[in-house]
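> What follows is a predicted structure for the sequence shown.
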Amino acid sequence: MSLVEVKDLSKTFEVSAPWLNRIIENKPRQFVHAVDGVSFAIERGKTLALVGESGCGKSTVARLLVGLYEPTQGTVSFDGQDAAQAFAGQGELPLRRRMQMIFQDPYASLNPRWKVADIVAEPLREHGLLNEAGAVRERVGELLTSVGLTPTDADKFPHQFSGGQRQRISIARALATAPEFLVCDEPTSALDVSVQAQVLNLMKDLQRQQGLSYLFISHNLAVVRHVADQVGVMYLGRLVEWAEKAQIFATPRHPYTRMLLDAIPDIHMTGRARTPVQGEVPNPLSPPGGCSFHPRCPHANERCKQERPAMQDFQGIRIACHAVIEGRL
Amino acid sequence: MSAAPGRPKQARSPTGDRPKAEKGASMTTALLEVRRLRVEIPTRRGTLLALDDISFDIAAGEILGVVGESGAGKSLTGSAIIGLLDPPGRIAGGEILLQGERIDHLPYEQMRRIRGRRIGAIFQDPLTSLNPLYTVGRQLIETIQAHLGFSHAQARQRAIELLEQTGIPAAAQRIDQYPHQFSGGMRQRVVIALALAAEPQLIVADEPTTALDVSIQAQIISLLKSICRQRGAAVMLVTHDMGVIAETCDRVAVMYAGRVVEIGPVAEVIHHPAHPYTRGLMGAIPAMDEDRERLSQIEGSMPRLNAVPAGCAYNPRCEHAFARCREQRPELAPVAGTQAACWLHEERA
């Protein structure tokens, strides 16, 4: 059984003008569908990567999974248990212990006024795992060592570390409760490439040693190719393609996936002529009807403009595209 | 076009005085010459040397990429060239020549006339480089009138043409909109139009696509490339993305801790890097066309400016470092197809 199962997950945010403006200017209430009917599963010990451009809802999915947002619709189940129910009731702490999150910006996610020892020990204390000072200190030392820092770093403040080292501290903090599942929201996009390589290697090592499962959010397909087992591509709040890594990079099916792969500047393709990419991501407040990708899609026809394609199984992958299903592509 | 300009100057004596004849020769090839540029930042705890003897040149119609990790001094080099160093940073030595003319010590007013007219600048964040209170058209028209002395009607016409060239649909209508009405990619197109307004000979683009999504990045890069090719403008493209460099540039300079450690034609630097740092950097980039279990990583991180090690600044992280690397600082010297500042190649030669 999968460790994490997400079914038909949706999140709607209200972005209406203030009540008085609505009355005076006669404006309607407005909602943005940040995540719209997303379903996927993550196996134990595997990494699912979600990719997409900014505003496609990938970070919202991450936050829904760890319970930072409440889903508008749909369910997240963790190890067979409904997460929303657990978060609301008695089961909150035990569940939170099993899933942790690593955020994008290591400069903003660590309290600058706390010492590293306190930052890493906070989950231990919060979950009541260790209370005795000596034991906490020892465990913090172990955690710091496991992410490639030294136990003596515990007495320093975050500003004494570089970006990559800070990200190691957030990983140490996330590992403090010995979780099974880590949600990583763009963990390396604020880092330089040489440091990014250090952090990615560390994450892979930890996965092997501790059997962790990852949900890895990124906009960088090259990084995704390096870490993921399965890849989900999101566009305007919906999952448009889901496949095993090897498959999605060798034979991308959805026109959006193809476009994304085509758009990446690659260091080994010096002088390659680019396929020009058409258009921009539409305003999520008024997404186009039918398939939301149709205004940018070179293969769109009447059906794509009218009818929204549903996610379905197709030759070993899952895809939401009329053109592919009909065999036009 | 790409490989030639940097070469002949190797013969130059390290003190910086050049024979007259060579100066004449370089004027015809290089549009921008940067010679032994040093930038200092005085602080309360002593003066930091942020750029240390940087030398390179860019020919007309050439795109030079400048890569390096954050803090390497790439953006600072760009700011020094356009004369927008943030105080207390200051140019402490060396010279910057635009078409053989020194521009590094010009008074503010004179530099202001060159900036915009002869050197255009594109910055990373398209939201902060446009004034949110003025319409896009007003900002473009102001720039065009200031530099080219057009009438308002002429300038407006020109502004619409520029917006069309940079691929903004319905330019005649959108010119009267405010920056917040444009998307990120569209804003960056406006910034490019603004930089091109006075047809500058040199464009300094500091991370022009970093704030954008990949699909938009691809559009902006090909736009920048085609416009520069058409106009024969030289471009200095500062970025940390090696992929962008590979697709856009003719030559690339790799910076580390305020120094250029390697410079050469893009294909050479990417496929046969001579400096261990460049090699490490290439190995650290996850590639799209190969599967590796682990990325090669460079241990440690770049030194802070107040603790740059003696000798080669890279020596504590370098697996090939030997005694000389810790004592003596290597200078750029030709190695195969590129130039690298590394004692390894000296030993072999």
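Looks like it arrived, so ask away. What you see is a predicted model, and the numbers here were worked out from it, not measured in a lab.

> Might you list the low-confidence residue ranges for the chain?
Chain wasn't specified; assuming chain A. A:268-277 (pLDDT under 70).

> other chain: chain B
B:1-29, B:289-291, B:347-349.

> Check which helix or strand the residue in it that chain A sits nearest to maps to.
The minimum distance from chain B to chain A, using C-beta to the nearest C-beta, falls at B:Gly243 (3.2 Å). C-beta coordinates here come from the backbone N, C-alpha and C atoms, glycine included. For B:Gly243, the element it lies in under DSSP states H and E is helix B:242-248.

> Kindly report the same for B:Arg229.
Per DSSP H and E: helix B:214-231 holds B:Arg229.

> for A:Glu142, same thing?
Going by DSSP H and E, A:Glu142 is part of helix A:133-146.

> cool, A:Phe40 as well?
Per DSSP H and E: strand A:31-42 holds A:Phe40.

> Check whether that strand comes close enough to chain B to count as a contact.
No. Against chain B, strand A:31-42 shows no contacts by C-beta under 8 Å from any C-beta of the partner chain, the least distance being 15.7 Å.

> Next secondary structure element downstream of that strand?
Once strand A:31-42 ends, the next helix or strand along the chain (criterion: DSSP H and E) is strand A:47-51.

> so what does the very next helix or strand once past that following strand touch, helix or strand wise?
Scanning forward in sequence from strand A:47-51 by DSSP H and E, the next helix or strand is helix A:58-65. Judged by 3 or more C-beta pairs under 8 Å, 6 or more residues apart in numbering or on different chains; DSSP states H and E, helix A:58-65 is in contact with strand A:4-14, strand A:31-42, strand A:47-51, strand A:181-185, strand A:213-218.

> Identify the spatial nearest neighbour of residue 175, chain neighbours not counted.
With no chain named, the answer covers chain A. A:Leu143 (5.9 Å; C-beta to C-beta, 6 or more residues apart in numbering or on different chains).

> nope, chain B please
The shortest distance from B:Ile175 to any non-neighbouring residue, by C-beta to C-beta, 6+ apart, is to B:Gly137 (3.8 Å).

> Dump the helix or strand harbouring that neighbour to CSV, restricted to CA.
Secondary structure assignment for B:Gly137, by DSSP H and E: helix B:136-148. Coordinates of the C-alpha atoms in helix B:136-148 are reproduced here as CSV (Å, rounded to 0.1, in the frame of the first residue of the first chain):
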residue,chain,number,x,y,z
VAL,B,136,5.2,52.0,-19.5
GLY,B,137,5.0,54.5,-22.4
ARG,B,138,5.9,57.5,-20.3
GLN,B,139,9.1,55.7,-19.1
LEU,B,140,10.0,54.7,-22.6
ILE,B,141,9.3,58.2,-24.1
GLU,B,142,11.3,59.9,-21.3
THR,B,143,14.3,57.7,-22.1
ILE,B,144,14.1,58.2,-25.8
GLN,B,145,13.7,62.0,-25.5
ALA,B,146,16.5,62.3,-23.0
HIS,B,147,19.0,60.5,-25.2
LEU,B,148,17.9,61.0,-28.8
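
> Run through who's touching the very next helix or strand once past it.
Counting by DSSP H and E, the element after helix B:136-148 in chain order, helix or strand, is helix B:152-165. Helix B:152-165 has contacts (C-beta atoms under 8 Å, 6 or more residues apart in numbering or on different chains) with B:136-137, B:140-141, B:144-145, B:148, B:150, B:171-172, B:174-175, B:189-190, B:193, B:196-197, B:227.

> Just the buried ones from those residues?
Among these, those buried by neighbour count (16 or more other C-beta atoms under 10 Å in any protein chain shown) are B:136-137, B:140-141, B:144-145, B:150, B:171, B:174-175, B:189-190, B:193, B:196-197, B:227.

> if we can go back for a sec, which elements pack onto the helix holding B:Arg229?
With contacts defined as 3+ C-beta pairs under 8 Å, 6+ apart, helix B:214-231 has these neighbours: helix A:255-263, helix B:184-196, strand B:234-238, helix B:242-248.
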